[in-house]
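>>> Here is a sequence with its predicted model. Questions after.
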Amino acid sequence: MPHKPDAHVVAALMSIGLNERDHRWAQRTCLALYESEREWVVTAAVQALGQLEALDPEQLLPTLERLKRRFPSWETSALHRLEAKAMAA
């Protein structure tokens, strides 16, 4: 997926977040893209994860902490909402 044109990657991530029934697979896919060099890919992955109904906090919370260190300006409500959602799971 990282080699697709930008719009295709964003569309795929949004589709995963909104439509994927296998939440474990969806979360693993989004978390894998958190390592992308392109910030917009990471942003789309965060947004997609926020759309999932079920999250695995054991996988997600450490990754969110790395994201906060990697993108300090992201200490925003989007990451906080995702973190709260994961902790409530």
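All right, it came through fine.
>>> quick one: contacts for T43?
Contacts for T43 (Cβ atoms under 8 Å, 6 or more residues apart in numbering) come out as none. The way it works is simple: take the backbone N, C-alpha and C, and place the C-beta from them, glycine included.
>>> buried ones in the strand or helix carrying it?
Following DSSP states H and E, the helix or strand that holds T43 is helix 39-51. Across helix 39-51, burial judged by 16 or more other Cβ atoms under 10 Å covers 41-49, 51.
>>> Next SSE downstream of that helix?
Next along from helix 39-51, by DSSP H and E: helix 57-70.
>>> averaged over its residues, what pLDDT does the next helix or strand along the chain from that next one have?
Next in sequence after helix 57-70, counting helices and strands by DSSP H and E, comes helix 77-88. Mean pLDDT, helix 77-88: 76.
>>> Quick one: work out the angle between helix 77-88 and helix 39-51.
40 degrees (axes from the mean of the first three to the mean of the last three Cα atoms, to 10 degrees).
>>> coming back round to it: tabulate the buried residues of helix 39-51 (CSV), appending distance to M14.
Formatted as CSV, the buried residues of helix 39-51 follow (distance: Cβ to Cβ, whole Å):
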residue, distance to M14
V41, 12
V42, 14
T43, 11
A44, 7
A45, 10
V46, 12
Q47, 7
A48, 6
L49, 11
Q51, 8
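>>> Tell me the one of these nearest L18?
Distances from L18 to those, taken as Cβ to Cβ, are shortest for Q51 (5.4 Å).
>>> Now for that closest one: which residues touch it?
14, 17-18.
>>> if we go to 7 Å?
17-18 (Cβ atoms under 7 Å, 6 or more residues apart in numbering).
>>> quick one: it from R70, how far?
22 Å (Cβ to Cβ, to the nearest Å).
>>> can you check L18 too?
Distance from L18 to R70, counting by Cβ to Cβ: 26 Å.
>>> mind showing which ranges of the protein have poor pLDDT?
Filtered on pLDDT under 70, the chain yields the residue ranges 1-4, 75, 77-78, 89.
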